[in-house]
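*Asks:* Below is the sequence, then the predicted model.
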Amino acid sequence: MAYLYKMQKASVRNKELKDQWETLVSILTERFSETESIDIEGILYLIGIQELGQVHERFKKDDNVDIIHIGICSALEPFGYYAFDYFDDDRWPHFKLIEELPPLKPGEQSILMKEAVVHYFIQKGLI
């Protein structure tokens, strides 16, 4: 019986995350994409830009990976995996690893990142 309850609770949580994710994607796609639905990488890029605080800058192709990394660290920070460390001379934030991410299957990684991203935007008051 306890197992069934846990499964039902997980199912409700997954449905809630799915609904919140779809709402977030819809909002961000409407604001930032002209044609295609924005994907998780694009959303992490937006988080990175927001945290970098240079929303009107043009970046080099090499910077894009660093911007996505800032987005990942910022989204996972409340989950205890990263902590802000310092700003460098160019005012780019740097994070330190607090706890290694557990070994996850690709689907589990996706769920973790979606949870972190949804939490980030809930905290920012977007959803």
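*Replies:* Yep, it's here.
*Asks:* mind listing the strands for the chain?
*Replies:* For the chain, the strands defined by DSSP state E cover 82-87, 93-97.
*Asks:* and the longest one, how far out from the chain's middle?
*Replies:* Read it as strand 82-87. 16 Å (Cα atoms, centre = their mean, to the nearest Å).
*Asks:* which other residues reach it?
*Replies:* Contacts to strand 82-87, defined as Cβ atoms under 8 Å, 6 or more residues apart in numbering, come from residues 73, 74, 76, 77, 93, 94, 95, 96, 97, 98. Just so you know, the C-beta spots here come from the backbone N, C-alpha and C atoms, and that holds for glycine as well.
*Asks:* what ranges of this protein fall below the confidence cut-off?
*Replies:* Within the chain, the stretches with pLDDT under 70 are 1-12.
*Asks:* ok so, going back, closest to residue 16 among the contacts of strand 82-87?
*Replies:* Comparing those against residue 16 with Cβ to Cβ places residue 76 closest, at 19.8 Å.
*Asks:* Could you count how many residues lie near that closest one?
*Replies:* Per other Cβ atoms under 10 Å, the neighbour tally for residue 76 reads 23.
*Asks:* Isn't it up against residue 114?
*Replies:* No - the pair residue 76 and residue 114 fails to qualify as a contact (Cβ atoms under 8 Å) at a distance of 11.9 Å.
*Asks:* on that earlier part again, would CSV of the strands of the chain with distance to residue 27 and mean neighbour count be doable?
*Replies:* CSV is the format used below for the strands of the chain (distance: least, Cβ to Cβ, whole Å; neighbours: other Cβ atoms under 10 Å):
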stretch, distance to residue 27, mean neighbour count
strand 82-87, 25, 13
strand 93-97, 24, 14
